[in-house]
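Enquirer: Need coordinates for the below:
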Amino acid sequence: MYCCQQRSSYYLLFLLFLSISMGCTKNKESSVIPQDNLLTLTNSNIRLFNISQRDLSAVVNNIVLAMPKRIITDEQQTSVIGKQLFPEGVWKNGTSFSIPTALLDKSGAAFLSVPLVNSEITFKDTLITNDPAYPRDFYLLPTGQITSFPRNNTPPANPEHFKIRIVNLGDPHSAFNVGGPVSLTFADGSEVDPLLNGVASGAASGYVEIPYGAYQFKLFAGGTPDFKRQLVTGKMVPAFNACIPGALPQEGFMPPVVTFKPGGVYTMMVVNGMFTFDYNCTGTASRESRRANAYQLITDLDPGVNLSYARLNAVNTIPGKKITIRVDGRPLGEPLDYVGNIFREKAIPAKYYTVIQGHHTIEALDAAGNTLATTTLQLYPFDNYTIWAYAGKEGGTQLVFTANDMTNTLYKTGVDPSGSLGPDDGTDGERRRFRIPYAWQSRCMNFCNEYTAITFTHNGQLFLPEYVYPDTLRFPSAYRNLAPGVVPLKNGSIMYRLENIQGYKADGTPDHGLSNDEYAYFPQKIWVNNTAGGQSPGILLTHITPITAANTFIANDRMYSGSYTRPPAENGIYTMALVGGQAGTNPKLIVIKHNK
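Expert: Predicted coordinates for the structure are as follows:
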């Protein structure tokens with residue numbers, strides 16, 4: 001009996017020990033950071049920016065995310081999550097990341113350590129607390145300090161809009177006189193919003209709501225925009241010529257046109273960066289580096305793919321009539337005067353309206369409310385259309401639609417002739433696309449019934465050279481033998497590369513890099529030729545006033561003080577059209593500008 005009791009006691013003790021062991025093992029497993037793919041992990045509201053001007057290590061709660069190798073043969077000593085966040089093993093300068101919630105401790109905090117070896121600065125270990133209700137951005141500065149601003153992850157109140165702000169982390173004493181407060185403008189130098197004027201160094205503005213669309217924002221130093229103190233972005237470099245004494249005005253820079261998504265939230269961040277200049281003043285190649293403020297665009301909230309909205313604007317090409325365009329029974333703005341009465345040398349800014357994607361009924365009405373024309377239009381998300389009211393040759397009113405490409409993207413037909421990219425089965429369209437970020441792009445249209453075929457020309461000559469590797473930038477179909485009211489079926493735009501100044505030659509002339517030839521070929525005056533009967537380039541129509549590019553495609557002359565800073569035209573998306581010729585009016589060339 002005693003023996004059985006003793007065995008039972010041993011058995012109970014064994015079961016108790018086993019349950020305790022299993023409990024310990026379970027707790028130990030729950031403390032391990034999940035080795036999931038980042039796509040399955042959620043991010044905290046802590047976002048970190050490296051603007052320290054150096055590549056960094058990053059350790060969060062003793063988990064190594066980034067750690068540069070000492071020698072190339074070293075094993076990468078980072079965690080699984082770290083390898084996914086930083087595949088190269090280093091936190092690159094100018095990049096950011098959000099801390100995954102899996103890395104936070106039980107209190108929702110992240111202990112950030114940035115170990116540096118043999119550096120003149122040090123970053124203090126910092127405890128950062130995640131607040132689910134109030135997102136924050138943390139910036140690692142070149143001084144070794146960390147500064148922070150709240151971030152707004154809330155979509156705009158109007159879903160057709162986007163939000164944008166400025167965070168100014170630039171050096172107040174920046175080279176090239178672009179330090180201090182900054183102000184944001186549209187492409188023509190006009191104010192975006194008073195809240196985005198005079199944002200001081202070390203400060204952040206509030207967010208401003210703007211209708212979604214394609215914008216070419218420009219940033220200037222000063223409490224109000226100082227056009228001689230423009231900041232650069234992207235691949236642009238400040239104006240500096242070591243061969244010529246004296247400071248050059250920082251002006252005439254043309255940023256890329258960017259389409260901002262409806263529902264998106266963005267930050268324009270000013271940081272101090274390093275710029276290197278090569279020059280040859282005395283026959284000896286030299287190099288000089290300067291630190292200067294520049295800016296970059298940050299997405300605070302990406303709303304995903306636009307599934308809802310398109311944009312429309314309308315133009316009246318009928319002399320002597322005021323036209324109202326209605327979409328599904330609602331007026332698209334005020335009645336439109338004849339565009340030939342409005343155009344006065346400068347390109348006319350298109351006035352856009354946001355419309356829900358889908359099938360729409362479009363009408364044109366006269367001043368008395370009589371319906372002149374009715375048709376339908378199928379709109380898809382991100383479509384950008386111009387509606388042209390046009391008097392056809394038979395006397396009736398027609399509605400003509402032109403799709404505006406706001407991306408400066410071309411589709412290559414000749415691609416990878418060597419076959420180095422492997423077989424092209426047609427499933428990957430991206431390899432056939434190329435985008436020109438710094439470009440002048442225009443449609444050409446004929447709304448004049450006097451001429452059955454017209455060709456737009458450069459002083460009477462074709463837009464040459466037509467062919468630029470890998471395909472032409474100036475397709476003949478876009479500007480030659482255009483019939484009245486007919487939209488080219490494909491390749492409907494011409495384009496010129498207009499790069500910003502990349503540096504200066506020894507004689508002081510600016511160097512535009514790869515686009516130097518494009519500057520030389522860009523048309524100074526654009527005329528119309530009569531090509532009825534198949535002549536090419538046809539008969540120059542001297543009674544029609546040509547477009548003077550230096551005037552028409554420069555929105556604000558006050559933004560340029562020097563002849564070398566004034567480009568032959570400002571980058572952007574345009575339409576040139578011949579209108580008039582009816583009701584006793586003379587034909588007239590007009591220009592619409594589609595980006596803001």
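Enquirer: Tell me the helix or strand right after the lowest-mean-pLDDT helix or strand in the chain.
Expert: Using mean pLDDT, DSSP states H and E, helix 2-30 stands out as the lowest-scoring helix or strand of the chain, at a mean of 44. Remark: after helix 2-30, the chain's next helix or strand is strand 43-50, criterion DSSP states H and E.
Enquirer: Mind giving me the packing neighbours of the following helix or strand past that following strand?
Expert: Sequence order places strand 58-60 as the next helix or strand after strand 43-50, per DSSP H and E. Counting contacts by 3 or more C-beta pairs under 8 Å, 6 or more residues apart in numbering; DSSP states H and E, strand 58-60 is packed against strand 63-66, strand 109-113. Every residue, glycine included, has its C-beta placed from N, CA and C.
Enquirer: Can you list the strands that the shortest one pairs with?
Expert: When pairing is defined by DSSP bridges, strand 63-66 lines up against strand 58-60 (antiparallel).
Enquirer: mind listing the helices for the protein?
Expert: For the chain, applying DSSP state H gives helices covering 2-30, 80-85, 339-342, 476-479, 516-521, 549-552.
Enquirer: Grab the most central residue of the chain for me.
Expert: Geometric centre of the chain, nearest residue: Val258, 2.4 Å, by C-alpha atoms, centre = their mean.
Enquirer: ok, and the closest non-adjacent residue to that residue?
Expert: Tyr215 (6.2 Å; C-beta to C-beta, 6 or more residues apart in numbering).
Enquirer: Hmm, Pro256 and that neighbour touching each other?
Expert: No. If you go by C-beta atoms under 8 Å, Tyr215 and Pro256 don't touch, sitting 10.2 Å apart.
Enquirer: Looking at the two, which is more packed in?
Expert: More crowded of Tyr215 and Pro256, by other C-beta atoms under 10 Å: Tyr215, with 21 against 18.
Enquirer: Show me the shaky parts of the stretch 51-200 of the chain.
Expert: Applying pLDDT under 70 to the stretch 51-200 of the chain picks out residues 70-76, 117-118.
Enquirer: change it to 80
Expert: 68-77, 116-120 (pLDDT under 80).
Enquirer: Look up the closest residue to Gly170, ignoring the ones flanking it.
Expert: Asn293 (3.6 Å).
Enquirer: Does the one you found touch Pro172 like I think?
Expert: No. Counting by C-beta under 8 Å, Asn293 stays clear of Pro172, with 9.1 Å between them.
Enquirer: Return every residue with contacts to both of the two.
Expert: Shared between the contact lists of Asn293 and Pro172 (criterion: C-beta atoms under 8 Å, 6 or more residues apart in numbering) are residues Gly179.
Enquirer: which of the two has more neighbours?
Expert: Neighbours were tallied for Asn293 and for Pro172 using other C-beta under 10 Å; the higher tally belongs to Asn293 (29 against 13).
Enquirer: Give me the pLDDT for that one.
Expert: Listed pLDDT for Asn293 reads 96.
Enquirer: how about it, what does it touch?
Expert: By C-beta under 8 Å, 6+ apart, the contact set of Asn293 is Gly170, Asp171, Ser174, Val178, Gly179, Ala221, Leu231, Val270, Val271, Asn272, Gly273.
Enquirer: Also Asn556?
Expert: Per C-beta under 8 Å, 6+ apart, neighbours of Asn556: Asp188, Gly189, Ser190.
Enquirer: Distance of the residue nearest to the centre of the chain relative to Leu195?
Expert: Distance, Val258 to Leu195, by C-beta to C-beta, to the nearest Å: 20 Å.
Enquirer: okay, how far is it across stretch 343-362, tip to tip?
Expert: 25 Å (C-alpha to C-alpha, to the nearest Å).
Enquirer: what about that stretch, average pLDDT?
Expert: Mean predicted lDDT for stretch 343-362 stands at 97.
Enquirer: If the nearest residue to Asn316 once chain neighbours are set aside is in a bridge, with which residues?
Expert: Distance criterion C-beta to C-beta, 6+ apart; nearest residue to Asn316, sequence neighbours excluded, is Leu336 at 3.8 Å. Here Leu336 sits in beta bridges with Ile323, as judged by DSSP bridges.
Enquirer: dump the residue contacts of Met445.
Expert: If you count contacts by C-beta under 8 Å, 6+ apart, Met445 has them with Trp388, Val400, Thr402, Leu482, Val487, Thr575, Met576, Ala577, Leu578.
Enquirer: who does the residue nearest to Gly170 bridge with?
Expert: Asn272.
Enquirer: Next up, the contacts around the closest residue to Pro132 other than its chain neighbours.
Expert: Nearest residue to Pro132, sequence neighbours excluded (C-beta to C-beta, 6+ apart): Asn45, at 6.2 Å. Asn45 makes contacts with Ser98, Asn130, Asp131, Pro132, Tyr134, Pro135, Arg136, Arg151, Asn153, as judged by C-beta under 8 Å, 6+ apart.
Enquirer: distance of the first one from Asn43?
Expert: Translated: Ser98. Ser98 sits 4 Å away from Asn43, going by C-beta to C-beta.
Enquirer: Also the third one?
Expert: Counting by C-beta to C-beta, the gap between Asp131 and Asn43 amounts to 14 Å.
Enquirer: Is it correct that His594 is in contact with Met406?
Expert: Yes. Using C-beta under 8 Å, His594 is in contact with Met406, at 6.8 Å.
Enquirer: These two: which is more packed in?
Expert: Between His594 and Met406, counting by other C-beta under 10 Å, His594 is the more crowded of the two (26 against 20).
Enquirer: quick one: pLDDT of the more buried one?
Expert: On the pLDDT scale, His594 gets 98.
Enquirer: Now it. Its backbone dihedrals?
Expert: Dihedral pair for His594: phi -100, psi -20, per degrees, to the nearest 10.
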